[in-house]
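Chemist: Sequence unavailable; structure follows:
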């Protein structure tokens, strides 16, 4: 059974600081997704990572994937208040052909 | 890009009544759709996988008779919460797996609806 663990679950940081969110998963997968969710809203797709060593960047967010370690990271550079949201990683479950979500990281960026 | 429309966005119903939530893929055919439930400050929990023209596959612990799923066409799946109770109050989100998106790098991706906030009073 695929299990996805995300940490930290809650992150409070100052504007301008850097931080990393971690996503570990338990079984082999061929792709991993990162999503953002604002309060009361649905999910917004951020990144899809397809292969070992994949790195994608959009603005202040950068995601990477290490399939051997079964680990993905979402790095935040020089955080701004607008990045405050909950971030989810989701791992493609090859066996069931569906997504399994991590517990989410609630990010709060303080001015 | 692929768009999934979900309605209603918000519904309040009385305990004991039924509520239907619709999920439509607007610009692609979705042979498979997923229904999730999300409680406040928690992650998404998969309730069921809906396949066009066949019965839905429910996750363990999800009552089939309470959460009726119909996927009668390639663009529409519905979730009906029957005899709703206050504990069914939650945020319900659908997702569609897109096989036929032109120009995509992936054989398929996952597109999410905007969600439905259900409050049972």
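Modeler: Thanks, I have it. Because the structure is predicted, anything quoted here is derived from the model rather than measured.

Chemist: just how off-centre is the helix-or-strand element of chain B with minimal mean pLDDT within its chain?
Modeler: Least confident element among the helices and strands of chain B, by mean pLDDT, DSSP states H and E: strand B:109-112 (a mean of 88). Mean C-alpha position of strand B:109-112 versus that of the full chain (C-alpha atoms, centre = their mean, to the nearest Å) differs by 12 Å.

Chemist: now stretch A:34-44
Modeler: That offset, for stretch A:34-44, works out to 12 Å (C-alpha atoms, centre = their mean).

Chemist: for stretch A:10-20, same thing?
Modeler: Distance, centroid of stretch A:10-20 to centroid of chain: 14 Å (C-alpha atoms, centre = their mean).

Chemist: In it, which residues are buried?
Modeler: A:11, A:13, A:19 (16 or more other C-beta atoms under 10 Å in any protein chain shown). For the C-beta atoms, the positions are set from N, CA and C on the backbone; glycine is no exception.

Chemist: Let me know the closest of these to chain B.
Modeler: Checking the buried residues of stretch A:10-20 against chain B by C-beta to the nearest C-beta gives residue A:11 as the nearest, at 13.8 Å.

Chemist: Show me what the closest one bridges to in the sheet.
Modeler: residue A:107 (DSSP bridges).

Chemist: tell me the contacts of it?
Modeler: Neighbour list for residue A:11: A:19, A:21, A:105-108 [criterion: C-beta atoms under 8 Å, 6 or more residues apart in numbering or on different chains].

Chemist: measure it to residue A:17 for me?
Modeler: Distance of residue A:11 to residue A:17, computed by C-beta to C-beta, to the nearest Å: 10 Å.

Chemist: Give me the sheet partners of the least confident helix or strand of chain B and which way each runs.
Modeler: By DSSP bridges, strand B:109-112 pairs with strand B:90-98 (antiparallel).

Chemist: Name the residues of chain B found near chain A, please.
Modeler: B:6, B:32, B:34, B:41-44, B:46, B:49, B:93, B:95, B:97, B:105-106, B:109-115, B:117 (C-beta under 8 Å from any C-beta of the partner chain).

Chemist: just the buried members of these?
Modeler: B:6, B:32, B:34, B:43-44, B:46, B:49, B:93, B:95, B:97, B:109-113, B:115.

Chemist: Contact partners for the residue nearest to residue B:81 when sequence neighbours are not counted?
Modeler: Excluding the flanking residues, the one nearest residue B:81 by C-beta to C-beta, 6 or more residues apart in numbering or on different chains is residue B:19, at 4.8 Å. Neighbour list for residue B:19: B:11, B:13, B:80-81, B:84, B:118 [criterion: C-beta under 8 Å, 6+ apart].

Chemist: Give me the buried subset of these.
Modeler: Listed as buried from the contacts of residue B:19 are B:11, B:13, B:81, B:84, B:118; burial here means 16+ other C-beta under 10 Å.
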